[in-house]
Structure formats: structure tokens, C-alpha cells
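> okay, sequence plus prediction incoming.
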Amino acid sequence: MKGVLAAYRRALRAQFSGGMLLLSLAPLLLSLALWGVLLWLGAQPLIDWLQGTFEAYGAHETSNSVLAMLGMGMLKVMVVPLLAIALLLPLMIASNLLFMGVIAMPAIERHVGRRQFPKLEKKEGGSFFGSLGINLGSTIVFALLWLLTLPLYAVPPLAWLVQAALWAWVTSRVMSYDALAAHASAAERQALMRRHRTPLLAIGFASGLAGALPGIAWMGGAIFSILLFPVLAMVSVWLYIMIFLFAGLWFQYYCLQALEQLRAQEAVPAP
């Protein structure tokens, strides 16, 4: 895991450089614009629809009984807003990941490649459409699996770990592809992702544990006031972008280092 820690230190140094902060602006502004419009137009209709569904199926009585049994009866008025937030969170994460993968990761690869690996040959094993396909397919699966695991919110520590595991899977697929798209051939990329599967998942899992924090902040806001939804949502968007930016740098440094080592090993003649 020495390579993982070395890449972590490099990513931490690069995270708050002027170039990286400027790079985060494009996906950040796109996400803020998208979610600002969606929340302005759709948050209240979504809550109203969920409220009507709860009333139609008598779900309020069930949820109130469960909360009373757990000693959290005071939260009964927040069940519907919390459910709305839980439904929106995976879509927010998926859109931020898509913006980062398509817009920011190619720039991150150029930045890290020029500064740290200038002699590493580019074999162009990936493409824009390949990246778009990986991003779209992985984020859709991620969002669906997130929704299926919503009942785990009843056991917060378990939900946190499961969501971090989902994050590990999606980021290791998406960011590994983007990190190696320009420098590695298709065969090299596949070999590296097989050989380094565990470290890549570890980087994704560590990022996923941090990625739960914006969701906790947003969910926690529901306990105080529904009026905080828009503000906390925008803060969450910014936090997700910064976490994805750091994760992208972490994957980038690790993957290019691993690629450099792979080529060095292949260049050594067999005895």
C-alpha cells in the first residue's frame, strides 16, 4: 500500500493549488446550476407527492410506530422530507461524478502527466466516448444500487459502510479509466485494473467514507428546517466536487505511477 500513500500525499499537495481550484469551477458551476433549478422547481412537488403517497397507503402510522418504538417520535414530521433527500442524494452524486469524469479528469491527467510523468509515452487507449460510456453506465448502476440500499438508513453505520463500498466500486471504474485514458493502451489499462484492483478499491472506499459527509450534512439539515434544504444542497454540491477532485488526483497519481512501473518491468529482458 506504499504506492497508495505516496499518491495520497501528492494529491493532497496538488488539491489546493490554483490550477486545481480553477479546474473545479466548471463542474461546480454546472452542478450548482443544474441542482439549483431542479430544487427550485422540483423539491416541493416531490415532497407533496411523497406526502400524498404516505397518506394514501397509511404509511404515516407505520413510520410513526417505528419511530416511537425507537424513541425518536419527535422525527415523525421529518420522515417525508428525509425520504425526499435520500432519493435525491444518489442523483446529485451521480451528476457530480459525471461532470468530473467528462470535464475535469482529462485536464487532471494532462496536469499530472506533464508535471510528474513527462517521459511517460501516451498510447491513447481510451477515448471521450469510452469515458462517457463508462461514466454513464457506472453512475446509473450506482444510483440504482443506492436506492435499493435506502432501508439501511435504519442502521446508520451499516448504511455508511455500504454506501462507501458502492462509491469504491463506481470511482475505481470511472476514475481509473479516465486516469489511464491518454497514457495507457487498452491492454495496459485492463492489466493494471486487474493487478491493482485492491488498491484502487481502497482509494475509492476511503474517498467514499469522506463522501458520506455532505449527505450527512444535508440530511441533518432536515431535522432543523425544511428551509435549509436549498442552502445545504448547494454546500453539498461544492463538497462533492472537492471530494471528487481530490479522489481524481489520488487515482491519477496512483495509476500513472503504476503504469510507469509496469512498463519498466516489461522493459527488463528476461534472464
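Alright, I've got the coordinates.

> where in the stretch 151-271 of the chain is pLDDT low?
153-154, 156, 212-230, 268-271 (pLDDT under 70).

> 90 instead, please
151-175, 178, 181-182, 186, 204-245, 248, 263-271 (pLDDT under 90).

> look up how far Gly101 lies from Arg110.
Distance of Arg110 to Gly101, computed by CB to CB, to the nearest Å: 15 Å. In this view, the C-beta of every residue, glycine as well, is placed from N, C-alpha and C.

> which one's more surrounded, the two?
Gly101 (25 against 12; other CB atoms under 10 Å).

> which pLDDT value goes with that one?
Per-residue pLDDT puts Gly101 at 78.

> surely it is in contact with Ser131?
Yes. Assessed by CB atoms under 8 Å, Gly101 is found in contact with Ser131 at 6.2 Å.

> mutual contacts of those two, please.
Shared contacts of Gly101 and Ser131 (CB atoms under 8 Å, 6 or more residues apart in numbering): Asp178.

> tell me where the stretch 151-271 of the chain has strands.
Per DSSP state E, counting those that start in this stretch, the stretch 151-271 of the chain carries no strands over any range.

> and the helices in it?
156-180, 186-195, 197-224, 229-267 (DSSP state H, counting those that start in this stretch).

> make a markdown table out of those helices and add mean neighbour count and distance to Gly36.
Converted to a markdown table, the helices of the stretch 151-271 of the chain look like this (neighbours: other CB atoms under 10 Å; distance: least, CB to CB, whole Å):
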| stretch | mean neighbour count | distance to Gly36 |
| --- | --- | --- |
| helix 156-180 | 21 | 24 |
| helix 186-195 | 15 | 36 |
| helix 197-224 | 18 | 14 |
| helix 229-267 | 20 | 7 |
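
> Asp48: which of these is closest?
Taking CB to CB, helix 229-267 is the member of the helices of the stretch 151-271 of the chain nearest to Asp48, at 13.9 Å.

> what's the angle between that closest one and helix 156-180?
Angle of helix 229-267 versus helix 156-180, following axes from the mean of the first three to the mean of the last three CA atoms, to 10 degrees, is 50 degrees.

> next, the angle helix 186-195 makes with helix 229-267.
110 degrees.

> quick check: which helices or strands does helix 229-267 pack against?
Counting contacts by 3 or more CB pairs under 8 Å, 6 or more residues apart in numbering; DSSP states H and E, helix 229-267 packs against helix 2-15, helix 18-23, helix 25-56, helix 79-99, helix 105-116, helix 156-180, helix 186-195, helix 197-224.

> just send these back as TSV, with distance to Ile140 too.
Below are the helices and strands packed on helix 229-267 laid out as TSV (distance: least, CB to CB, whole Å):
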stretch	distance to Ile140
helix 2-15	27
helix 18-23	25
helix 25-56	17
helix 79-99	7
helix 105-116	18
helix 156-180	10
helix 186-195	20
helix 197-224	17
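
> which among these is found nearest to Glu266?
Taking CB to CB, helix 186-195 is the member of these nearest to Glu266, at 9.2 Å.
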